[in-house]
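Visitor: Structure for the following, please:
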Amino acid sequence: MIEINNLTNFAVDKKFLTGVAKIVLKGENRERENISIAFVSSDEIKKLNQKYRKKNKSTDVLSFGRTLDFKSDIAEIVICPEVVKKNNEELAKILIHGILHILGYEHEKSEKQAKEMEKKQEKYLSII
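Guide: Next comes the predicted model:
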């Protein structure tokens, strides 16, 4: 299940983004994952970044592992379209990045992991 909640004034193509998420999940053999994707303001993502990463600034995407929510496992991705636009990034790329984090990929711990994650991102971007 892929759930999308747009809490901003930015136009978000839910059908396209759901399709992107499905491509990544299928490519990683994780089609059964439950993901909630929320689009939030710069202020809101800054609060979340401060609370969970101790970084007092806005960011483009945050990923949170599964939480027990009414007997269903749901992983959460929070995206700030305002920051994505400011950074001149593609929304699809940021979503792919967030999904890969949920699936266990990292880029901050080693250069090898960063290269592997970047390779995966490019692969999925070339498919969509």
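Visitor: burial measure for A38, as a count.
Guide: 19 (other C-beta atoms under 10 Å). Where C-beta positions appear, they are placed from N, C-alpha and C, glycine not excepted.
Visitor: I figured it was touching A75, is that so?
Guide: No: assessed by C-beta atoms under 8 Å, A38 is found out of contact with A75, at 11.8 Å.
Visitor: in the chain, which residue is closest to the centre?
Guide: The chain has G98 as the residue nearest its centroid, 2.6 Å off, counting by C-alpha atoms, centre = their mean.
Visitor: That one falls within a helix, correct?
Guide: Yes: according to DSSP: H, G, I helix; E, B strand; the rest coil, G98 belongs to a helix.
Visitor: Now it: closest residue in space that isn't a chain neighbour?
Guide: I77 (3.9 Å; C-beta to C-beta, 6 or more residues apart in numbering).
Visitor: Over to L7?
Guide: V40 (5.2 Å).
Visitor: Now do the contacts for that neighbour.
Guide: 7-8, 48, 78-80 (C-beta atoms under 8 Å, 6 or more residues apart in numbering).
Visitor: Assess the claim that G19 and I128 are in contact.
Guide: Yes: the criterion here is C-beta under 8 Å, and G19 meets it with I128 at 7.4 Å.
Visitor: Now the element after the worst-scoring helix or strand of the chain on mean pLDDT, going C-ward?
Guide: For the chain, using mean pLDDT, DSSP states H and E, the weakest element among its helices and strands is strand 61-69, scoring a mean of 74. The element immediately downstream of strand 61-69 (helix or strand, assigned by DSSP states H and E) is strand 72-79.
Visitor: What is the subsequent helix or strand relative to that next one?
Guide: Where DSSP H and E defines the elements, the next helix or strand beyond strand 72-79 is helix 81-86.
Visitor: Right, I'll leave it there.
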